[in-house]
Structure formats: structure tokens, C-alpha cells
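Undergrad: below: sequence and its predicted model.
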Amino acid sequence: MPRLREIPPSEVTDDYVLGLYTMLFGDRDPVAEPGTATGTPGNWWTVFAQVPDAFKHSTEGFGFYRSANRKLDPRLRELGQIRAGYAVGSQFVYSQHSKAMRFEGYSEEQVKAIPNWSTADCFSDVERAVLAYTDCLVLERGRVPDGVFAALKKHLGEVEIIELTYITCTYMMHAVMSRALKLEFDDVPEPVVEVPAPDGASADVMGMVDKRKDAAA
């Protein structure tokens, strides 16, 4: 379950939100009967509906990258989006944009190579430059070495670089929010937990440590 309350259509008063509810869910209450055409639970929409202007701002942002005004090749855009999702650790963003990569014509080998792109030989020079730049944006929080930026500028114009930067950082934000609020496919248990030792083993280990401390003293 998401960490915040979902809003059923009966509580939606904003026309923009209600219009998207109708487009995505038809006459169905997505809180009582979750699910979208792409197989996601759909709770990103129902949670963000609590703040209609944030809902509108975000969804209009989705339209930004699909606009005919974009100069950036959509294939390169998708590399930034999927790698950002993977680098943040968002199963939702990574899963959705795996499908989007295939839609843009990438091979199955390329889709599967996103986690280990730096050791894969199935990407072109410009694709590798975009992936390296994405890692700098997401993993290095914008600390981009001159060499990475120079490689990017060999292939992309300034408008394309601005679009790539904006879209990739936007999807980094969406990946972070999805994980924080446990939305969609990011409603998963925390993987980093203590693994219990066998009964009595913890006490035995601590006893050994204490003996070694005493001997060293």
C-alpha cells in the first residue's frame, strides 16, 4: 500500500484531475479497483490527486518530453529516463521505461544491458555518452567531468543537452518520489535489513570479541 491516502473519484473536485481519472480509469473507482492499461496499480495518480496543482504540474511535465517541439532524439531521451530510474533504484521507473525503450526500437540486448551499460558493447558512442552523463547527473548529483561533457557535445547540440538534462533530472525526481511514497512498483520491502544469526551465535561472537579485547589489553 502507498504511504499516503488515495483519493477516489467521488472526492475529486478538480476538473483537470477528474478528466485524467476518466481517461485512465473510465467509470471505475481506481482506489477500489486498482489497475491501469499498462499493468501498474495506478496509485501514483490517486495519491497525487490530493494536491491538484502538483498533479497538473507533474502530468504537464510528462507532456513536455513527448512534445513535437523537442530536438532531442526520443531514443536518447529514453536512455536518460531508464538509467535514471535504475540508478535511483526505482522499480517503477525502470520497469516502465524498459517497455518504452523497446517501443523506441532498442533491442532486447540493449534493454537488458542498462544495469551494466559501462561494460556492454551494444551501445553506440552517442548512447554511451548519454548514459555516462546520466550517471553523472543522478549518481554524482550533477558533478560532470569535462571529458564526459566533451563526449556529449561531440554528438548533441546545446538545445538537445538542455532537454536531456531537464528530462533526466525530472525522472530522477519522479523515481525518488515513487520510492519515498511507495507508489506503483516501488511498494517493496526494504532490502537492506539485518539477517538473524542462529540462536546463541550472537552471544558466542560477542564473547569471542570480548576475550580478544582482554588478551590485547
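TA: Structure's in. What do you need?
Undergrad: from now on I want contacts and neighbour counts done on CA atoms only, so please keep to that.
TA: OK.
Undergrad: dihedrals phi and psi, Arg77?
TA: phi -60, psi -50 (degrees, to the nearest 10).
Undergrad: for Glu160, see how far away it is.
TA: 10 Å (Cα to Cα, to the nearest Å).
Undergrad: more crowded one of these two?
TA: The residue with more neighbours, out of Arg77 and Glu160, is Arg77; 22 against 19, by other Cα atoms under 10 Å.
Undergrad: now the more buried one, nearest residue through space, not along the chain?
TA: In this structure, Arg77 finds its nearest non-sequential neighbour in Leu164, 6.2 Å apart by Cα to Cα, 6 or more residues apart in numbering.
Undergrad: so the one you found is in which element?
TA: Taking DSSP states H and E as the criterion, Leu164 maps to helix 158-181.
Undergrad: mind giving me the domain ranges of the chain?
TA: Structural domains assigned to the chain are 1-69, 71-188, following automatic domain parsing.
Undergrad: quick one: those as a markdown table, columns for distance to Asp199 and mean pLDDT too.
TA: Below are those laid out as a markdown table (distance: least, Cα to Cα, whole Å; pLDDT from 0 to 100):
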| stretch | distance to Asp199 | mean pLDDT |
| --- | --- | --- |
| domain 1-69 | 33 | 96 |
| domain 71-188 | 28 | 98 |
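Undergrad: return the most buried member of those domains.
TA: Each of those was scored by mean neighbour count; the highest is domain 71-188, a mean of 18, by mean count of other Cα atoms under 10 Å.
Undergrad: measure that domain end to end?
TA: 36 Å.
Undergrad: next one: stretch 17-35
TA: 17 Å.
Undergrad: what's next to that stretch, contact-wise?
TA: Identification of contacts with stretch 17-35 by Cα atoms under 8 Å, 6 or more residues apart in numbering yields 6-9, 12, 36-37, 41-43, 45-46, 49, 52, 55-56.
Undergrad: apply 6 Å and report the result again.
TA: Stretch 17-35 has contacts (Cα atoms under 6 Å, 6 or more residues apart in numbering) with Pro8, Pro41, Gly42.
Undergrad: and Thr75, what does it touch?
TA: Not Thr; residue 75 is Arg. Glu104.
Undergrad: secondary structure element for it?
TA: helix 74-88.
Undergrad: what angle do that helix and helix 158-181 make?
TA: Angle, helix 74-88 to helix 158-181, by axes from the mean of the first three to the mean of the last three Cα atoms, to 10 degrees: 30 degrees.
Undergrad: next SSE downstream of helix 74-88?
TA: helix 91-103.
Undergrad: got the angle for that next one vs helix 158-181?
TA: 140 degrees.
Undergrad: with only the CA atoms kept, save helix 91-103 in PDB.
TA: What follows is helix 91-103, C-alpha atoms only, in PDB (Å, rounded to 0.1, in the frame of the first residue of the first chain):
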ATOM      1  CA  GLN A  91      11.500  -0.400  -9.900                       C
ATOM      2  CA  PHE A  92       8.500   1.600 -11.300                       C
ATOM      3  CA  VAL A  93      10.500   4.000 -13.500                       C
ATOM      4  CA  TYR A  94      12.900   1.200 -14.600                       C
ATOM      5  CA  SER A  95      10.100  -1.200 -15.500                       C
ATOM      6  CA  GLN A  96       8.000   1.300 -17.400                       C
ATOM      7  CA  HIS A  97      10.900   2.700 -19.400                       C
ATOM      8  CA  SER A  98      12.200  -0.800 -20.200                       C
ATOM      9  CA  LYS A  99       9.000  -1.100 -22.200                       C
ATOM     10  CA  ALA A 100       9.400   2.400 -23.600                       C
ATOM     11  CA  MET A 101      13.000   1.500 -24.800                       C
ATOM     12  CA  ARG A 102      11.500  -1.400 -26.800                       C
ATOM     13  CA  PHE A 103       8.900   0.900 -28.200                       C
END
